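J.: Output the structure for:
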Amino acid sequence: MTTLNQLFEDIREESENFKNAQYYLNELAQELDPQDENSDFSNLLKELNNVVSDIFPNSSFIAKANLSNANDVIKPNFDVQLGSNIYTSINNQGAGVVRSAIFAMLRYRNMRENKRKQKDEYIRPLLIAFEEPEIYLHPQAAKQM
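T.: Okay, the predicted model is just below:
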């Protein structure tokens, strides 16, 4: 999942939609401003604090949405499946398939970075290291490695 998330971040950083997402997060933060007497969120807090103060006088909730960094707010939730004729959750796959999939993602990421290197300034290459890499690998995957 860490590798898949990193690939997602690589794509996300290049996305025009992601760049626009921060604008809309700022708009949403204004709607959730507890200082704005007309906002639904401000009214929710007032009503909640009335209920709380009935039980615990002089107690109240203070809440403010922090949507200032889209990288922190927008997180992927991947449903990863692997298979050929039957697809199942990654958790139901054998160690060899999982290891091969990780190797493939890292290999792809390295290939992608090499393409970017040709366009942009020098980008440090990705170093992939496995202890005993041949363990649990399909012979074709070991050959590619």
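J.: Pull the number of nearby residues for S100.
T.: 21 (other CB atoms under 10 Å). Glycine gets a C-beta too; all of them are placed from N, C-alpha and C.
J.: So it belongs to a helix, correct?
T.: Yes: assigned with DSSP: H, G, I helix; E, B strand; the rest coil, S100 falls within a helix.
J.: Please identify the helix or strand for the closest residue to it other than its chain neighbours.
T.: Spatially, and ignoring its direct neighbours in sequence, S100 is nearest to A141 (4.3 Å; CB to CB, 6 or more residues apart in numbering). For A141, the element it lies in under DSSP states H and E is helix 139-144.
J.: Determine the three-state secondary structure at F41.
T.: When classified by three-state DSSP, F41 comes out as helix.
J.: what's it in contact with, if anything?
T.: Going by CB atoms under 8 Å, 6 or more residues apart in numbering, F41 touches 31-34, 63, 65.
J.: rerun at 7 Å
T.: Taking CB atoms under 7 Å, 6 or more residues apart in numbering, we find F41 in contact with 31-32, 34.
J.: Quick one: low-confidence residue ranges for this structure.
T.: For the chain, the stretches flagged by pLDDT under 70 are 117-128, 130, 133, 136-137, 145.
J.: Which residue ranges of it form helices?
T.: Here the chain has its helices, by DSSP state H, at 2-14, 16-31, 40-55, 70-73, 95-119, 139-144.
J.: how about those in CSV, adding distance to D79?
T.: Shown next, in CSV, are the helices of the chain (distance: least, CB to CB, whole Å):
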stretch, distance to D79
helix 2-14, 11
helix 16-31, 21
helix 40-55, 31
helix 70-73, 20
helix 95-119, 15
helix 139-144, 24
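J.: returning to that earlier point: show me how to select, in PyMOL, the buried members of the contacts of F41.
T.: Buried residues among the contacts of F41 (16 or more other CB atoms under 10 Å), as a PyMOL selection:
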select buried, resi 32+34
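J.: So which of the contacts of F41 is the closest to R109?
T.: L32 (36.0 Å; CB to CB).
J.: Pop out the phi and psi values for that closest one.
T.: Torsion angles at L32 (phi, psi; degrees, to the nearest 10) stand at phi -100, psi 20.
J.: Does it touch A65 like I think?
T.: Yes: with contact defined as CB atoms under 7 Å, L32 reaches A65; the gap is 4.1 Å.
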